[in-house]
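Participant: Sequence first, then the predicted structure, then my questions.
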There are 2 protein chains.
Amino acid sequence: MSRATIKDVAEAAGVSIATVSRVLNDRGGASATARTVREAAERLGYAPNALARMLITQRSMTVGLLQPMVSDSFAGQVLDGVEDAAYELGYSVIVCSTGAGSSRLEHYARLLASRQVDAAVVMSTALTQTQHELLRALALPYVVVAGSTPDPGVPVVAIDGQQAAADATTALVTAGHRRIGMIAGGADDPVAGIPRVRGFVAACDTAGIAPDDRPVEHGDFGYDSGLVAMRRLLERRPDLTAVFAASDEMAVAAMTVADEQGRRVPEDLSVIGFDAIPLARMTRPPLVSVAQPLRAMGYRAMQAAEQLVRGEPLPAAAPVAHALTVGGTVGPPSGGPPFGDPVGPPSPRS
Amino acid sequence: MSRATIKDVAEAAGVSIATVSRVLNDRGGASATARTVREAAERLGYAPNALARMLITQRSMTVGLLQPMVSDSFAGQVLDGVEDAAYELGYSVIVCSTGAGSSRLEHYARLLASRQVDAAVVMSTALTQTQHELLRALALPYVVVAGSTPDPGVPVVAIDGQQAAADATTALVTAGHRRIGMIAGGADDPVAGIPRVRGFVAACDTAGIAPDDRPVEHGDFGYDSGLVAMRRLLERRPDLTAVFAASDEMAVAAMTVADEQGRRVPEDLSVIGFDAIPLARMTRPPLVSVAQPLRAMGYRAMQAAEQLVRGEPLPAAAPVAHALTVGGTVGPPSGGPPFGDPVGPPSPRS
DNA sequence: CAGTGGACCGTAAAGGTTTTCACTCCGTCA
DNA sequence: TGACGGAGTGAAAACCTTTACGGTCCACTG
């Protein structure tokens, strides 16, 4: 009860396999035999063996998605966009969880090359020179989404993290805040750590806020680390009126700590998060957050990958637009009516 | 600069391709030529073409993961487990987002069969007889995770949803509640809708709670629908002291509505959710929720799939154990100290 | 009627690997 | 010394498809 092959169809229809192939691929239209062939194929439930086809056409219609962690909401949304575009383009997606370390990325890169995938989509990773060279040596074209690469010739789909952080900070400044804390991510994280701190500091500088009035504590983007960081922040500067967190989980942790200490949000403390994950909508009040269009980014990354495969010229890589979500966690420093409306200009910035 | 093939290695080492194949697969150990071959392979950066290998061995070392929605936290965790087991077993995972409708599942089933995947993992889906027969006709072995299938011979990795709902309800009863509302999922959802209502009702019956005292409203598992359902519930029975929700998002929505109406959790209202997604840990107080070991379920499903491929006898399909998480949203009806400890026995049940 | 063109079709090569089979060579045992 | 066994190797088939090439047949034109 094995599957039918093209040979079975050819036999059943009384023609050669070449004819079957042509008919089923609409190459060389026919009418008399074509119907017979189609009927036979139908009757036998024939489906072409994609492996054999890939082998001969030298195109696997497959991409690999390399992501450090596959299970969080961030990765899920990007994957969703990638999958959607892949579906439309006739591609399949192999997911690879590379974890934190570098070794598993290398392993998967080799595996994908061996599987003859047409391209790779690298997500949430700041590729090193070595990693880039490996990919190159494996003849594996790739694009990056929500990450970075040393080679400026590789397509990158990402927001301008520094500008986004600056915009969020500026929104707090505009609301009147002059003492703002930041809960940052990993101190040496080149994609979600460093740029966001840099943007925060830059915006504070522009606003003339002294370094002492803009303390920074580092977490690991997770909820628990956010609790710790927030407590440290308030120990250092109990008079903070606003906090900018590099992730929503840490922002929610900040709200939890505020609640514990009897500080009301946004009357006593304003909070802005980052990523606008679904969770952000469900806090009380809803969290203001920097939104990345993750699904769209995944979609665009997949499109770029496909264009890369086809050797099409790629459009100039402009950063993706970010925006602040509507929420209720930002208000003027000393009380008064909270902002219920969009906070600050979204500022896509070219 | 195309990739090196086995033929190139054979030439470089001065042997036949058969020898190269044998050496590189450790079949027929050798020492003299073996070293030469390995060196040549190394020097040329040779990696076997997996497609050709799959074609000849009739085994693609690939599974397809069919899931209705790829981006939520639920799917992410299962995927994580599947991916992890796949990595250990040397398999690759192709993800397919089947969406709500049935047509895309059929499309993907055919695609996967055509790609010669060794097995499929079907997630969060209650397979119809027709769908089952399609899979069978395509000669596509499959396992189900967090779903169901009409064929009792197919491995299913899932919790006993009805029992889990009953356990959650019983925990509320044990805490002293006699008027309990339920925010259910889709009224005709065979996997996360019907069984949970059934378990809820059964537990209420056992506790001798009259139908009028256990109203049920339906949502779609999402936050917004939870808001609506909770408001309706409290309109019907303003004197409810506890709510059981079929998803965490809806449970959080219930907490939001309670907050709006000045009801404190857990003093005035106890709440239990379902799924124990990361969000549940971040509410104030932390949400008590029915936890499914999603990652472990994905892992086991992948293992089962691999055993299926190898034709190994499968262990009897016992339901996976569920448990209530620790939280602070359940307490006695009329006030008093909230339960801070695990609520009710986890009750894995056979 | 000869010649030309086109539509249709089959043969065979190609894609890269695994594996069976047969062969060579060498050491060992009777 | 002759036979036997084992280790190592190569030729070739097989997996299933696409496609270049060449051939047949027929209709139509000059």
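Facilitator: Okay, I see it.
Participant: backbone phi and psi for A:Ile180, please?
Facilitator: Backbone torsions of A:Ile180, given as degrees, to the nearest 10, read phi -120, psi 130.
Participant: Now do it against A:Leu172, distance only.
Facilitator: Separation of A:Ile180 from A:Leu172 (C-beta to C-beta, to the nearest Å) stands at 5 Å. The way it works is simple: take the backbone N, C-alpha and C, and place the C-beta from them, glycine included.
Participant: now A:Ala166
Facilitator: 11 Å.
Participant: since we're on A:Leu24, how many residues are nearby?
Facilitator: 17 (other C-beta atoms under 10 Å in any protein chain shown).
Participant: OK, contacts around it?
Facilitator: For A:Leu24, the contacting residues are A:Val37, A:Arg38, A:Ala41, A:Pro48, by C-beta atoms under 8 Å, 6 or more residues apart in numbering or on different chains.
Participant: Which helix or strand contains the one residue in the stretch 251-350 of chain A that gets nearest to DNA strand C?
Facilitator: Taking C-beta to the nearest atom of the strand as the measure, the point where the stretch 251-350 of chain A comes nearest DNA strand C is A:Val309, at 17.2 Å. In this structure, A:Val309 sits in helix A:294-310 according to DSSP states H and E.
Participant: Just checking, which helix or strand succeeds that helix along the chain?
Facilitator: strand A:323-324.
Participant: helices or strands up against that next one?
Facilitator: helix A:161-174, strand A:288-291 (3 or more C-beta pairs under 8 Å, 6 or more residues apart in numbering or on different chains; DSSP states H and E).
Participant: And for the next helix or strand after the longest one, what's in contact with it?
Facilitator: Note on helix A:161-174: by DSSP H and E, the next helix or strand toward the C-terminus is strand A:180-184. When contacts are taken as C-beta under 8 Å, 6+ apart, the neighbours of strand A:180-184 outside the stretch itself are A:169, A:172-173, A:193, A:196-197, A:200, A:204, A:209, A:213-219, A:226, A:229-230, A:233-234, A:237, A:240-246, A:250-251, A:253-254.
Participant: Give the partner strands of strand A:180-184 in its sheet and their orientations.
Facilitator: Its sheet considered, strand A:180-184 pairs with strand A:216-218 (parallel), strand A:242-245 (parallel) by DSSP bridges.
Participant: Got the domain ranges for chain A?
Facilitator: For chain A, automatic domain parsing gives the domain ranges A:6-48, A:62-159+A:295-310, A:161-291.
Participant: how about these, which one is nearest B:Asp118?
Facilitator: Using C-beta to C-beta as the measure, domain A:62-159+A:295-310 is the one of the domains of chain A that comes nearest B:Asp118, at 13.9 Å.
Participant: And the domains of chain A, which one averages the lowest pLDDT?
Facilitator: If you rank the domains of chain A by mean pLDDT, domain A:6-48 sits at the bottom with a mean of 84.
Participant: how long is that one from one end to the other?
Facilitator: 7 Å (C-alpha to C-alpha, to the nearest Å).
Participant: what about the strands in chain A?
Facilitator: A:62-67, A:92-97, A:119-123, A:142-145, A:156-157, A:180-184, A:216-218, A:242-245, A:270-275, A:288-291, A:323-324 (DSSP state E).
Participant: Switch those over to JSON lines; also include mean neighbour count.
Facilitator: Shown next, in JSON lines, are the strands of chain A (neighbours: other C-beta atoms under 10 Å in any protein chain shown):
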{"stretch": "strand A:62-67", "mean neighbour count": "27"}
{"stretch": "strand A:92-97", "mean neighbour count": "24"}
{"stretch": "strand A:119-123", "mean neighbour count": "27"}
{"stretch": "strand A:142-145", "mean neighbour count": "27"}
{"stretch": "strand A:156-157", "mean neighbour count": "24"}
{"stretch": "strand A:180-184", "mean neighbour count": "27"}
{"stretch": "strand A:216-218", "mean neighbour count": "21"}
{"stretch": "strand A:242-245", "mean neighbour count": "31"}
{"stretch": "strand A:270-275", "mean neighbour count": "29"}
{"stretch": "strand A:288-291", "mean neighbour count": "27"}
{"stretch": "strand A:323-324", "mean neighbour count": "21"}
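Participant: who wins for proximity to A:Leu314 among those strands?
Facilitator: The nearest among those, by C-beta to C-beta, is strand A:142-145 at 8.9 Å.
Participant: related to what we said a few turns ago, filter the contacts of A:Leu24 down to the ones close to DNA strand C.
Facilitator: Filtering the contacts of A:Leu24 for proximity to DNA strand C by C-beta under 7 Å from any atom of the strand leaves nothing.
Participant: Among these, which lie within helices?
Facilitator: A:Val37, A:Arg38, A:Ala41 (DSSP state H).
Participant: quick one: which of these is nearest DNA strand D?
Facilitator: Closest to DNA strand D, out of all of those and judged by C-beta to the nearest atom of the strand, is A:Ala41, at 9.8 Å.
Participant: Would you confirm that the closest one contacts A:Val9?
Facilitator: Yes: with contact defined as C-beta atoms under 8 Å, A:Ala41 reaches A:Val9; the gap is 5.0 Å.
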